[in-house]
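Enquirer: Sharing a model that was predicted from the sequence below.
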Amino acid sequence: MAQRAQSARQAAANLPAEQRSAALSSVAVAMEAASDAILAANARDMETARANDRPAAFLDRLMLNEARLGDIAAAVRQIAAQNDPLGEVIEAWEAPSGVNISQVRVPIGVLGVIFEARPNVTADAAALAIRSGNAVLLRSGSDSLQSALALVSAIRRGLEAAGFPADLVQHPDTADRAFVGAMLSGLEGQLDLVIPRGGKALVARVQAEARIPVLGHLDGICHAYLHPSADRDMARAIILNAKLRRTGVCNALECLLIDRAAVATHWPMIAEALSDAGCEIRADESLRGAFSSAVAASDGDWGHEFLDAIIAARVVDGLEGATAHIAQYGSGHTDLVLAGDAVVQEAFLNTVDSAVVIANASTGFSDGGEFGFGAEIGIATSRLHARGPVGARQLTSYKYVVRGDGQTRG
């Protein structure tokens with residue numbers, strides 16, 4: 001499969017940007033045409049997941065319906081409409097020798113994407129790979145296998161209809177774990193980058209065992225710091241959206257840090273709104289004293305990714321206390337400040353070292369689609385190569401092109 005992917009990538013390497021766009025449009029059409037088969041396959045996955053007593057957040061990530069499938073096709077079309085990253089000159093200059101040097105974007109090669117109960121990753125990864133000139137080997141978890149196979153079948157038909165090699169996108173017909181081990185080995189040099197998209201155990205295994213570069217993150221432990229200068233109604237709306245819009249996603253808010261000076265003015269209203277919306281609040285003693293319906297937080301609640309309608313909350317002493325908590329318990333994913341004071345906003349944005357930092361907007365905006373990438377393969381929290389939402393441009397590398405007119409080196 002990896003050898004076929006390399007051959008397909010090379011065959012498609014010199015096709016112009018307009019043809020890649022046309023291929024992506026064809027993929028979107030093919031997915032829409034196969035919607036009945038895709039939804040039927042997903043229904044089989046959902047039935048199995050329910051029989052296995054999977055939790056609600058898991059089922060939410062796994063479930064496809066007509067609206068979600070329409071969103072997936074729309075994301076593919078948005079990627080098709082993007083400017084092509086390949087061949088982009090990042091920087092160019094003339095060296096003292098007189099030669100011209102340019103840094104030019106090129107594909108990475110063959111990507112390996114390992115994911116669990118996220119069928120949308122199948123289409124997102126395929127579309128971003130096509131846009132960036134890469135090929136991709138996909139391996140879904142057993143819970144989403146039927147959905148993934150149905151999607152890949154449609155994607156391959158769309159590629160062939162546009163005159164592209166179908167082997168740019170491949171998936172084995174099994175979810176055997178041995179396939180993961182083979183991918184992590186690098187497949188004898190045929191696989192260039194592995195991207196895990198799933199739970200902590202999967203990502204930890206990939207990072208521990210991979211013999212090739214890994215692009216991924218462990219947890220989405222997202223914080224919000226509430227400063228007393230924040231507009232109360234705005235803060236309430238943002239916190240509710242960040243926590244409860246979709247609780248099972250990695251950019252959902254997990255911990256609320258209340259400035260000591262905002263406890264009396266802001267906390268009761270926000271806590272009541274969260275509680276009324278069905279969110280369990282696990283709070284420290286100071287916050288429980290101001291809102292008795294909260295339950296006592298334990299040490300394990302700090303730095304925990306609930307992926308459910310549960311939020312941890314505690315008092316901090318000013319901006320310094322908030323940033324210290326985030327540095328100790330955060331995962332480097334997305335962190336938020338709610339403040340009307342512009343000095344506090346800028347201090348937070350400059351101090352917190354996460355992939356995405358936000359002032360006065362929901363953590364839900366930490367997302368490839370919201371960034372204008374069309375879709376994303378994930379949110380990278382490392383500090384190398386790519387950071388934050390990973391779209392097509394982040395799936396490229398670069399090479400140096402040197403042009404001369406007869407120069408020799410003395």
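Expert: Perfect, thanks for sending it. Because the structure is a prediction, the values reported are computed rather than measured.

Enquirer: could you pull out the helices for this structure?
Expert: 2-12, 17-33, 35-51, 56-62, 66-80, 119-131, 145-161, 177-184, 200-209, 232-244, 263-276, 285-290, 318-329, 342-351 (DSSP state H).

Enquirer: would TSV of the ones you listed with mean neighbour count and distance to Gln170 be doable?
Expert: Placement of C-beta: from N, CA and C, glycine included. Formatted as TSV, these follow (neighbours: other CB atoms under 10 Å; distance: least, CB to CB, whole Å):
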stretch	mean neighbour count	distance to Gln170
helix 2-12	18	6
helix 17-33	20	14
helix 35-51	16	17
helix 56-62	18	22
helix 66-80	18	18
helix 119-131	28	10
helix 145-161	23	7
helix 177-184	17	11
helix 200-209	15	19
helix 232-244	19	37
helix 263-276	17	44
helix 285-290	15	51
helix 318-329	17	39
helix 342-351	15	41
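
Enquirer: Reformat these as TSV; add distance to Gly220 and mean pLDDT.
Expert: TSV is the format used below for the helices of the chain (distance: least, CB to CB, whole Å; pLDDT from 0 to 100):
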stretch	distance to Gly220	mean pLDDT
helix 2-12	30	94
helix 17-33	27	97
helix 35-51	21	96
helix 56-62	12	87
helix 66-80	20	95
helix 119-131	15	94
helix 145-161	22	97
helix 177-184	22	91
helix 200-209	10	85
helix 232-244	11	97
helix 263-276	19	97
helix 285-290	23	95
helix 318-329	13	97
helix 342-351	19	96
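
Enquirer: how about the ones you listed, which one is nearest Val110?
Expert: Closest to Val110 of the helices of the chain is helix 2-12 (CB to CB; 4.6 Å).

Enquirer: Show residues contacting that closest one.
Expert: 20, 107, 109-110, 133-137, 164-168, 170, 187-188, 190-191 (CB atoms under 8 Å, 6 or more residues apart in numbering).

Enquirer: With stretch 281-294 instead?
Expert: Here stretch 281-294 makes contact (CB under 8 Å, 6+ apart) with 258, 260, 263-264, 267-268, 271-272, 274-275, 295-298, 301, 310-315.

Enquirer: Would you mind measuring the gap between the ends of that stretch?
Expert: End-to-end span of stretch 281-294 (CA to CA, to the nearest Å): 5 Å.

Enquirer: pLDDT at Pro55, what is it?
Expert: Pro55 is assigned a predicted lDDT (pLDDT) of 88.

Enquirer: same deal with Ala117?
Expert: Note for Ala117: predicted pLDDT of 83.

Enquirer: Just give me the neighbour total for it.
Expert: By other CB atoms under 10 Å, the residues close to Ala117 number 25.

Enquirer: pretty sure it is in contact with Leu62, am I right?
Expert: Yes. Using CB atoms under 8 Å, Ala117 makes contact with Leu62 at a distance of 4.1 Å.

Enquirer: shared neighbours, those two?
Expert: Common neighbours of Ala117 and Leu62 (CB under 8 Å, 6+ apart) are 49, 54, 143-144.

Enquirer: returning to that earlier point: may I see the helices of the chain arranged in JSON lines, with distance to Val99 as well?
Expert: Below are the helices of the chain laid out as JSON lines (distance: least, CB to CB, whole Å):
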{"stretch": "helix 2-12", "distance to Val99": "28"}
{"stretch": "helix 17-33", "distance to Val99": "28"}
{"stretch": "helix 35-51", "distance to Val99": "52"}
{"stretch": "helix 56-62", "distance to Val99": "51"}
{"stretch": "helix 66-80", "distance to Val99": "36"}
{"stretch": "helix 119-131", "distance to Val99": "32"}
{"stretch": "helix 145-161", "distance to Val99": "39"}
{"stretch": "helix 177-184", "distance to Val99": "40"}
{"stretch": "helix 200-209", "distance to Val99": "40"}
{"stretch": "helix 232-244", "distance to Val99": "51"}
{"stretch": "helix 263-276", "distance to Val99": "61"}
{"stretch": "helix 285-290", "distance to Val99": "64"}
{"stretch": "helix 318-329", "distance to Val99": "45"}
{"stretch": "helix 342-351", "distance to Val99": "39"}
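
Enquirer: Tell me which of those helices sits nearest to Asp219.
Expert: For Asp219, the closest of the helices of the chain is helix 200-209, at 6.1 Å, according to CB to CB.

Enquirer: export the closest one as CSV, just CAs?
Expert: C-alpha atoms of helix 200-209 as CSV (Å, rounded to 0.1, in the frame of the first residue of the first chain):
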residue,chain,number,x,y,z
LYS,A,200,-4.7,9.8,25.0
ALA,A,201,-3.8,6.1,24.9
LEU,A,202,-3.6,6.1,21.1
VAL,A,203,-1.5,9.3,20.8
ALA,A,204,0.8,8.2,23.7
ARG,A,205,1.4,4.9,22.0
VAL,A,206,2.2,6.5,18.6
GLN,A,207,4.6,9.0,20.2
ALA,A,208,6.3,6.3,22.2
GLU,A,209,6.7,3.7,19.4
